[in-house]
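Q: sharing a model prediction with you, sequence too.
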Amino acid sequence: MPANPKTAIVFDMDGVLVDPERSYRQTVVETVAHFAGDRPRITLGEIEDYKNEGGYNNDWLLTQRILLDRGVEVDYGAIIERFNRIFFGVNHDGLILQEQWLVEDGLLERLAAQHQLAVFTGRLDYEAALTLGRFAPAIVFAPRVCSDHVENSKPAPDGLFAIKTALPDTQLIYIGDTVDDARPSRIAGVPFIGVAKRNHLRRAELIRLFEEEGAAAVIENVNEIEGAIDRIRNGAAA
C-alpha cells in the first residue's frame, strides 16, 4: 500500500511528461504551412505567444486561429484531417515518433510508491494511450482524464473535478506547463506546480502567468517534482 494514499499527483502530458516541440508543435507549423500557401511560416515563439494567451490547449483550434490571423479561413474538419495525417502518418509513423519522453528513469516508480498517479490532458484518450503505452507501459495512471472524457476540456476544470470525484478524500496536486493548466487548478482549488523549462521561448511571461494564477511552485522540468511536492505538503501541514 502506498505510504500516503491520500495524495494524488495529476500530470498533464505535453510539456510535462513528453516534449511536444518536434511532434505537436511542429505539426501545427506544417498544417498552417499547408493551408497558408506562401504566407510567412508560423514560428515556435509565435505558437508560445498563443499558448500564453490562453484558450488554445486544443491544437486544432490553435491552428484554425493562426490561419484566420493570416487571412485564411479553413473548415475545422479539414484542419483536423490534415493535422492528424501529419501527426500520425500512416500506421503511426508520423511526427508522433518525434516525441521525447522527459521523465528520468525511476521517478514515476518512486512517486507511485507514495502517491496515486493520474493524468489530466488535453489529448484524446487514444492519443494519450499510444504515448503512455510506448514510454511508461508499467505505470498505472488512474484515472486518466482526456478531452473526450469531459463535456468541457481545458481550460475548463471539468477534468480535475472528475478526478476529485473518482478519488474522494484525496489531496490532488496538478503539474502542467501552460496557463490553461494553471487556470483549472485555481478554479478547482487544486495546488498547481508549473513547468517552465529553462529554454522556453517565453519563459518569463509564462512564470508571470503561473504566479498570477497562484501556482504553489514553478520548476524547470518534471524531474524536480519531488522537492516541490514535499514543499507543498509541508506547507499544508504547517
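A: Happy to help now that I have it. Numbers count the residues shown, from 1 in each chain.

Q: for residue 16, phi and psi?
A: Phi and psi for residue 16, reported as degrees, to the nearest 10, are phi -120, psi -70.

Q: domains in this structure, by residue range?
A: Per automatic domain parsing, the domain ranges recorded for the chain read 7-19+100-237, 21-98.

Q: need these in a markdown table (columns: mean pLDDT and mean neighbour count).
A: All C-beta spots, glycine's among them, are computed from the backbone N, C-alpha and C. Formatted as a markdown table, the domains of the chain follow (pLDDT from 0 to 100; neighbours: other C-beta atoms under 10 Å):
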| stretch | mean pLDDT | mean neighbour count |
| --- | --- | --- |
| domain 7-19+100-237 | 95 | 18 |
| domain 21-98 | 95 | 17 |
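
Q: sec struct for the residue of the chain positioned farthest from its centre, please.
A: When each C-alpha in the chain is compared with the mean C-alpha position (C-alpha atoms, centre = their mean), residue 38 comes out farthest, at 31.2 Å. Secondary structure for residue 38, judged by DSSP: H, G, I helix; E, B strand; the rest coil, is coil.

Q: give me the nearest residue to residue 14, chain neighbours excluded.
A: residue 20 (4.0 Å; C-beta to C-beta, 6 or more residues apart in numbering).

Q: my bad, should have said residue 161
A: Per C-beta to C-beta, 6+ apart, closest to residue 161 is residue 188, 5.9 Å.

Q: distance of the one you found from residue 120?
A: Distance check for residue 188 against residue 120: by C-beta to C-beta, to the nearest Å, it reads 10 Å.

Q: which neighbours do the two have in common?
A: By C-beta atoms under 8 Å, 6 or more residues apart in numbering, residue 188 and residue 120 have these common neighbours: residue 160.

Q: which residues touch residue 44?
A: Under the criterion of C-beta under 8 Å, 6+ apart, the neighbours of residue 44 are 21, 25, 29, 201.
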